[in-house]
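> next comes the sequence, and after it the predicted model I'd like to discuss.
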Amino acid sequence: MTKSCALPLALLSLLALSCAVPFGRAAGAVPATEHADAPGIDWFAGDVPEAFAAAKQRGEPVFLYWGAKWCPPCQQLKSSVFSRSDFIAKTHQFVAVYLDGDAPGAQKWGEVFHVSGYPTVVILRSDRREITRISGGVDLSLYADLLDAALGDVKPLSDVLATLRARPAALTAADCRRLVYYAWEVGAVPEKDERALAGRLLQAATICPGLSSLERARLEVISASFAPAPRAVSRVLELIADPAIAPRLVDNLEALGDPFFAAVAARGAAVSADFVRHWSHAMQAVAMDPRVIDADQLAAIGMQLVVVKQFADPHSVPAALAAAARARVAAALAKPMDPYVRAGVVNSASFIDEQLGDDDANYAMLNAELATAKAPYYYMVDLGEIEERRGKVAAALAWYERAYRESRGIATRFQWGNTYLAALLRLTPEDHARIRSVGLEVLAELDGPDRIQARTRRRLETLDAKLRSWNEQQHATGEVEALHARMAAICAKLPPEDTGRAACRMFLAPDKA
């Protein structure tokens, strides 16, 4: 998958840019309702500056939700968390801001608040300093408690991190819980040295006052996800072997990526085999827990497959495990459910099919979903990728183009158009005329103020590199000059205060280093 939502660190490395959502706990049946606007919450009616002005006047923090209507994990968060009566009640003590990534100017605020992946929840003071971020992966029963904690301690996160760096012994119990439950996978932590941060978090797990054994375990796993130091790896191996605690750490365990797995493998075959067995038991415990929503049960099975394949030789899934996974997918898809809830289930089911290498099943499922999906273009990119793996270039490009044509929203249209253009560069680099035509069309999506920030800016920078590489190989100077000229015309219309001007001017600039 190439569509980007907020992702756990492990899934970033293992799934490229999929939207597999972290694990959470259900809170009973979800009402069949329109989740696009999370109607139970009293969202602030004005713009973002007005919201912070209101927060200052009321003496309340800001609850900022950043999402997109097409994003399955966003709908899953709304259906399983934002619909809870206890959660809704807590939000009344905040100025709640709903920031859709496709709203005019939304990407500018994404840049300001350092949010990119969907969904992200950020709690901020009225002076715009961040208090904390909350992950969709945390146990959903904790959401209301975490909002309570943010209300009781509005110390900026930057101050907590400064204490962690300079005077860790001075951390309070509240500081430490902030570190435990911070959404590191979607955070904007100003720490350049992740290895040093890992060491400090591991130290905090030992010296922090007032933490439960589970919370200390969470810090140890978080440390290992940043840098698998020998001590941290040893602790994670101990924790994953404990059937009473490992399933409760799954939202942190999913952030363990390739460096951690390599560190485990380096300890030998016996240690690796024990790790895979314990990991499988933990994921199966989540997958069989009736309190866990279907999408997250399937995601746990997918993460089990990831690790089984990681340590298997060859990298394959045993037949019995594959059959059990397929049976769970079929059972989940057979249930009647709200279409927004179904989007999360389909997303996790597609993740399982990818791990099984079952393109045929994945294609059939996603193609069938197009008729009823609220955002069918979301699946079309996956269908294009499957056709690309099959070697069917024309069919793949047809899906990529259709996804772009049918997508909706300012930032979304550029995202899907960028995917289509990248596919042309990859699959038909010799078709200069089509690449030029599509490139001009896709760049036109950026013609307007406050569009070249956050997610869009990063995609534009990536596109710049791809087009430069294409020009070096294809000698497409005329086409590149035309695309540069189109962007220059867009840049010329941007007001001086638009923070996207720098990225705009650098796009395919001849004098760029």
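Ah, there it is.

> and the longest helix along the chain, what's buried?
In the chain, taking DSSP state H as the definition, the longest helix is helix 454-474. Across helix 454-474, burial judged by 16 or more other CB atoms under 10 Å covers A454, R455, T456, R457, R459, L460, L463, D464, L467, W470, N471, Q474. (C-beta placed from N, C-alpha, C; glycine too.)

> also stretch 185-202?
In stretch 185-202, the ones that count as buried by 16+ other CB under 10 Å are E185, V186, G187, V189, L197, A198, G199, R200, L201, L202.

> please convert those residues to a markdown table, extending it with distance to A361 and pLDDT.
Below are the buried residues of stretch 185-202 laid out as a markdown table (distance: CB to CB, whole Å; pLDDT from 0 to 100):
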| residue | distance to A361 | pLDDT |
| --- | --- | --- |
| E185 | 29 | 80 |
| V186 | 30 | 75 |
| G187 | 35 | 69 |
| V189 | 39 | 68 |
| L197 | 41 | 94 |
| A198 | 39 | 95 |
| G199 | 44 | 96 |
| R200 | 45 | 96 |
| L201 | 40 | 96 |
| L202 | 42 | 97 |
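
> dump the residue contacts of R165.
R200 (CB atoms under 8 Å, 6 or more residues apart in numbering).

> how near is it to R235?
To R235, R165 is 22 Å away according to CB to CB, to the nearest Å.

> and if you look at V221?
8 Å.

> which of the two has more neighbours?
Between V221 and R235, counted using other CB atoms under 10 Å, the more crowded position is V221 (25 against 20).

> hmm, who's touching whichever helix or strand I386 is part of?
In the assignment (DSSP states H and E), I386 maps to helix 377-389. The contact list for helix 377-389 (CB under 8 Å, 6+ apart) reads 1-3, 70-72, 343, 346, 350, 359, 362-363, 366-367, 369-370, 373, 395-400, 402-404, 406-408, 416, 419, 423, 427.

> among those, name the ones in helices.
72, 343, 346, 350, 359, 362-363, 366-367, 369, 395-400, 402-404, 406, 416, 419, 423, 427.

> now list the buried members of the residues you listed.
72, 343, 346, 350, 362-363, 366-367, 369, 396-397, 399-400, 402-404, 416, 419, 423.

> run the angle between the helix holding I386 and helix 359-369 for me.
With axes from the mean of the first three to the mean of the last three CA atoms, to 10 degrees applied, the angle from helix 377-389 to helix 359-369 works out at 150 degrees.

> and the average pLDDT for helix 377-389 is what?
Averaged across helix 377-389, pLDDT comes to 98.

> quick check: buried residues in it?
Applying 16+ other CB under 10 Å to helix 377-389 flags Y377, Y378, Y379, M380, V381, D382, L383, G384, E385, I386, E387, E388 as buried.

> tell me which of the residues you listed is nearest to L124?
Comparing the buried residues of helix 377-389 against L124 with CB to CB places Y378 closest, at 29.2 Å.

> point out where the protein drops to low pLDDT.
1-37, 135-141, 187-191, 512-513 (pLDDT under 70).

> just checking, Y181 touches L142?
Yes - using CB atoms under 8 Å, Y181 is in contact with L142, at 7.2 Å.

> is it true that G500 touches Q453?
Yes - using CB under 8 Å, G500 is in contact with Q453, at 5.2 Å.

> between the two, what contacts are shared?
K108.

> excluding chain neighbours, what is closest to S280?
Q304 (5.2 Å; CB to CB, 6 or more residues apart in numbering).

> now that neighbour, what's its secondary structure?
What DSSP: H, G, I helix; E, B strand; the rest coil gives for Q304 is helix.

> hang on, it packs against M283?
Yes - using CB under 8 Å as the test, Q304 is close enough to M283 to be in contact (3.8 Å).

> using PDB, write down the CA coordinates of stretch 401-417.
Extracted C-alpha coordinates of stretch 401-417, given in PDB (Å, rounded to 0.1, in the frame of the first residue of the first chain):
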ATOM      1  CA  GLU A 401      -5.200   7.200 -13.000                       C
ATOM      2  CA  ARG A 402      -8.700   6.300 -11.900                       C
ATOM      3  CA  ALA A 403      -7.700   6.800  -8.200                       C
ATOM      4  CA  TYR A 404      -6.500  10.200  -9.100                       C
ATOM      5  CA  ARG A 405      -9.500  11.200 -11.200                       C
ATOM      6  CA  GLU A 406     -12.000  10.100  -8.500                       C
ATOM      7  CA  SER A 407     -10.100  11.400  -5.500                       C
ATOM      8  CA  ARG A 408     -11.600  14.400  -3.700                       C
ATOM      9  CA  GLY A 409     -10.000  17.200  -1.600                       C
ATOM     10  CA  ILE A 410      -7.100  19.600  -2.100                       C
ATOM     11  CA  ALA A 411      -4.300  17.600  -0.400                       C
ATOM     12  CA  THR A 412      -5.800  14.200  -1.300                       C
ATOM     13  CA  ARG A 413      -5.900  15.000  -5.000                       C
ATOM     14  CA  PHE A 414      -2.200  16.000  -5.000                       C
ATOM     15  CA  GLN A 415      -1.400  12.800  -3.000                       C
ATOM     16  CA  TRP A 416      -3.100  10.500  -5.400                       C
ATOM     17  CA  GLY A 417      -2.000  12.500  -8.500                       C
END
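
> what residues of that stretch count as buried?
401-404, 407, 409-417.

> ok, now stretch 258-269?
Within stretch 258-269, the residues that qualify as buried are F260, F261, A263, V264, counting by 16+ other CB under 10 Å.

> JSON lines for those, including secondary structure?
Output for these, formatted as JSON lines (three-state DSSP):
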{"residue": "F260", "secondary structure": "helix"}
{"residue": "F261", "secondary structure": "helix"}
{"residue": "A263", "secondary structure": "helix"}
{"residue": "V264", "secondary structure": "helix"}
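
> what is the nearest of those to G59?
Of the buried residues of stretch 258-269, the one sitting nearest to G59 (CB to CB) turns out to be F260, at 43.1 Å.

> and for the closest one, nearest residue in space, chain neighbours not counted?
P228 (4.4 Å).

> doesn't that neighbour belong to a helix?
No - using three-state DSSP, the assignment for P228 is coil, not a helix.

> what is the burial count for it?
P228 has 23 nearby residues by other CB under 10 Å.

> would you list the phi and psi of it?
phi -80, psi 70 (degrees, to the nearest 10).

> can you check V97 too?
According to degrees, to the nearest 10, V97 has phi -120, psi 120.

> I figured it hits E50, correct?
No - when contacts are counted by CB under 8 Å, V97 is not listed as touching E50 (9.7 Å).

> quick one: which of the two has more around it?
V97 (23 against 13).

> circling back: so what sits against both of V97 and E50?
Common neighbours of V97 and E50 (CB under 8 Å, 6+ apart) are F44.
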